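Novice: Mind looking at a prediction? Sequence and model below.
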Amino acid sequence: MRTMMAYSQAQNRRDAVASAKLRLGSTEALKWYRLDDGVMGGRSSTEHTTEGGALTFAGMLDTRGGGFTSVRADFAGGLKGDALRVRVRGDGKTYKVLLTNGQGGGPWSNNPSWQHDLPTALGEEQSVVLPLSDFVPSFGGQATRRHTGSLVATDMAQVGFMLSLYLSDGSPNPEKTFVPKGTAAGFRLEVLGVEEA
């Protein structure tokens with residue numbers, strides 16, 4: 001309970017760091033802040049930097065009492081294309097790309113987090129195109145069938161990257177692409193580019 005009380009989403013937003021090379025919508029430069037399982041008492045931690053204009057999303061994922069870590073950035077103007085192109089260098093884990101309307105979500109909300117899996121190969125730079133039509137609506141990290149709408153590109157106002165216990169379809173993230181259950185392990189994802197495609 002003490003961890004939950006000490007965790008400040010507002011402070012995380014104030015500590016956001018800008019990445020000059022990463023832009024979406026009409027935003028000058030995406031400003032990234034962390035949101036991890038400390039919000040509900042978990043012990044995972046995120047460190048993110050934007051040296052050189054790219055984003056390094058790294059830290060420690062602790063599955064003992066938690067199971068997710070993420071970075072997010074708000075943008076203005078919505079999306080006009082029908083896909084996102086992301087360029088990353090990963091560590092072999094499977095991450096997720098997130099899109100939301102920035103209005104917050106939760107089990108009783110009509111504002112899901114739209115998610116797409118992002119498998120990575122250890123040390124390899126990858127460029128992938130993610131069709132918006134393939135993003136899955138999720139509440140609390142779990143895919144939902146309750147939400148019957150579809151992603152509206154022009155409504156999107158936040159993008160993120162997440163490492164989570166669950167893949168975008170709600171199935172468990174396998175240990176070989178995540179972290180062994182009951183342990184903690186480091187992770188590192190370099191986001192070299194994110195743009196509309």
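Specialist: Received the coordinates, thanks.

Novice: What average pLDDT does stretch 63-74 get?
Specialist: Averaging pLDDT along stretch 63-74 gives 90.

Novice: and the closest residue to residue 65 other than its chain neighbours, what does it touch?
Specialist: Once flanking residues are discounted, residue 65 sits nearest to residue 42: 5.4 Å by Cβ to Cβ, 6 or more residues apart in numbering. For glycine as for every other residue, the C-beta is placed from the backbone atoms N, C-alpha and C. By Cβ atoms under 8 Å, 6 or more residues apart in numbering, residue 42 lies in contact with 3, 36, 62, 65, 66, 67, 68.

Novice: and if we set it to 7 Å?
Specialist: Contacts for residue 42 (Cβ atoms under 7 Å, 6 or more residues apart in numbering) come out as 36, 62, 65, 66, 67.

Novice: If the residue nearest the centre of the chain is in a bridge, with which residues?
Specialist: Taking Cα atoms, centre = their mean, the centroid of the chain lies closest to residue 161, which sits 2.3 Å from it. Beta bridges link residue 161 to residue 71, residue 97 when assigned by DSSP bridges.

Novice: ok, the closest residue to residue 35 other than its chain neighbours to residue 21 distance?
Specialist: Spatial nearest neighbour of residue 35, chain neighbours left out: residue 70 (5.1 Å); criterion: Cβ to Cβ, 6+ apart. Residue 70 sits 20 Å away from residue 21, taking Cβ to Cβ, to the nearest Å as the criterion.

Novice: Look at the two and report which has more neighbours.
Specialist: Higher neighbour count among residue 70 and residue 21: residue 70, with 24 against 17, using other Cβ atoms under 10 Å.

Novice: I'd guessed the more buried one sits against residue 159; true?
Specialist: No - between residue 70 and residue 159 there is no contact, the gap being 10.8 Å when judged by Cβ atoms under 7 Å.
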